[in-house]
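A.B. asks: 3D, please:
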Amino acid sequence: MKPLWPSLLALFLMCTPASATPPLKDMLAAGRVDDAIQTLQQQVEHSSNDAESYNLLCRAYFMLEDWDRGIPACERARDLNPHNSIYQLWLGRSCGEKADHAGFLSAAGLAKKVRTAFERAVELDPQNWGARADLAEFYLEAPGIVGGGQDKARAQADAIAPLNPAMAHWIAARIAARNHDIASAEREYRAAIASNQSLGRAWVDLAGLLLHNNRPDDMERVLHDFESVQVEQHEALRDAATVLLRAGRNFPLAVRLLRRYLSSPVEEGPAFKAHDLLGQLLEKQGDRQAAAAEYRAALALAHSYARAREDLHRVEP
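C.D. replies: Just a heads-up that it's a prediction; the model follows:
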C-alpha cells in the first residue's frame, strides 16, 4: 500500500495530554527515531498500561519499516484503548505495510487485520476523513476475497465528499487510474487541486501519473507549479522530489523541494529518509562530499537505516 496518508498528528494531539506530548511529538516530527524509541521503551517499561506511548512506539517503528516490532506495539495500544480511532488506524497502516512485503498467504491474513482495523477506525469516528481515505485505499487495492472492492472505495469517496471534497476527487482519481482510465484520473487529480490547492498528494500523484504515461515534460511543469504552493501535507515535498529523482529530471528543483521540506519535517515523511534522498540527488549531481554529509545526517537520526548506510559506503573513500 502506498505510504501517502493524510496527516494524523493534529488528530493525535487532540486525544493526548499536553504535558506528555511535546518532547515525543518533536522527536517524531524531526525524525529522531532512535531517541524516540529509547524514550518510549523506557516509558512502557515503567508503565505497561500507557496506551499513548505504545501508539507512539508503533509509529516510530513504522518510520523504520520495522513491522514485526511495530505491530505488537500497535496492538497493545489498541487493546488498552479499543475505542480510540487513531490507534486502530495505525494498527491498520502497520499491518498493511507488512502485508505489502509478505508472501501471498501471510498477506491474506494480514489484509483481514487491515480491513478490520480501518473499518473500526471509521466506525469509531465517522467524521475522520483520513481514516475513510485509508479505508478507501484498502478497498481499492485489496482483492475481493479479503474484502476489497471498487464499489466500497466509491462509497467512501461519497462519504468523504461533504467532509473534504478534494480528497473525494483524489479517491476518484485513484479508482480511475486503477481502471487504466488515464484521462479521467488526470481530470480528477486536477479537480482535487482546484478544490484545494494545498492538497500535496494530488499534485504528486498527478505528476506520477503523467510520468508513468510518458509525459515527462508535463510532469515537470506540474511539479514546477507545485513548488510555489503552501501545502497541508508537508511530506508531499519529499514525495515530489522522489518523482523527479525517479524520472532523472530537474535535480535542482528536487533539491530545493527537499531542503524546503527539511526546514520543517513531519512524522509522515521521516527526516532521515529525506536526508538520504537529498544525498542521492547531490550524488547524482557529482557532489559526493555533500552527499556523504546527508547520509551521515540520516544515520545520526536512525542508525539502523540500512539504505543510508549502503549509500554512505558507496561514496566514502
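
A.B. asks: quick one: low-confidence parts of the stretch 101-250 of the chain?
C.D. replies: For the stretch 101-250 of the chain, the stretches with pLDDT under 70 are 104-105.

A.B. asks: for it, what spans make up the helices?
C.D. replies: Using DSSP state H, counting those that start in this stretch, the helices of the stretch 101-250 of the chain run over 104-124, 129-141, 150-160, 165-178, 182-195, 200-212, 216-226, 235-247.

A.B. asks: could you find the closest non-adjacent residue to residue 51?
C.D. replies: Once flanking residues are discounted, residue 51 sits nearest to residue 80: 3.8 Å by CB to CB, 6 or more residues apart in numbering. All C-beta atoms are positioned from the backbone trio N, CA, C, and that covers glycine.

A.B. asks: could you report the neighbour count for that neighbour?
C.D. replies: Other residues lying near residue 80 total 17 when counted by other CB atoms under 10 Å.

A.B. asks: quick one: closest of the helices of the stretch 101-250 of the chain to residue 67.
C.D. replies: Nearest of the helices of the stretch 101-250 of the chain to residue 67, taken as CB to CB: helix 104-124 at 9.2 Å.

A.B. asks: what does that closest one contact?
C.D. replies: With CB atoms under 8 Å, 6 or more residues apart in numbering as the test, helix 104-124 has contacts from 78, 83-86, 88-89, 91-92, 95-96, 98-100, 102, 128, 131-132, 134-135, 138, 142, 145-147.

A.B. asks: show the buried residues in those residues.
C.D. replies: With neighbours counted by 16 or more other CB atoms under 10 Å, those contain buried members at 78, 84-86, 88-89, 91-92, 95-96, 98-100, 102, 128, 131-132, 134-135, 138, 142, 146-147.

A.B. asks: what distance do you get for the nearest residue to residue 147 once chain neighbours are set aside to residue 95?
C.D. replies: Excluding the flanking residues, the one nearest residue 147 by CB to CB, 6+ apart is residue 115, at 4.6 Å. Relative to residue 95, residue 115 is positioned 9 Å away (CB to CB, to the nearest Å).

A.B. asks: ok, back up a step: if I pick the residue nearest to residue 51, what's in contact with it?
C.D. replies: Residues near residue 80 by CB under 8 Å, 6+ apart: 49-51, 54.

A.B. asks: thought residue 167 was touching residue 192?
C.D. replies: Yes - with contact defined as CB atoms under 8 Å, residue 167 and residue 192 form a contacting pair (7.3 Å).

A.B. asks: between these two, which contacts overlap?
C.D. replies: Each of residue 199 lies in contact with both residue 167 and residue 192 under the rule CB under 8 Å, 6+ apart.

A.B. asks: which strand or helix spans the residue nearest to residue 301 when sequence neighbours are not counted?
C.D. replies: Residue nearest to residue 301 in three dimensions, not counting chain neighbours: residue 272, with 4.0 Å by CB to CB, 6+ apart. Using DSSP states H and E, residue 272 maps to helix 271-284.

A.B. asks: please apply the same query to residue 40.
C.D. replies: In the assignment (DSSP H and E), residue 40 maps to helix 33-46.

A.B. asks: let me see the contact set for residue 81.
C.D. replies: Applying CB under 8 Å, 6+ apart, we find residue 81 in contact with 51, 87.

A.B. asks: gap between it and residue 40?
C.D. replies: Per CB to CB, residue 81 is found 16 Å from residue 40.

A.B. asks: again, but for residue 177
C.D. replies: Counting by CB to CB, the gap from residue 177 to residue 40 is 38 Å.

A.B. asks: again with residue 141
C.D. replies: Using CB to CB, we find residue 141 at a distance of 30 Å from residue 40.

A.B. asks: verify the contact between residue 276 and residue 305 for me.
C.D. replies: Yes - between residue 276 and residue 305 there is a contact under CB under 8 Å: 7.0 Å.
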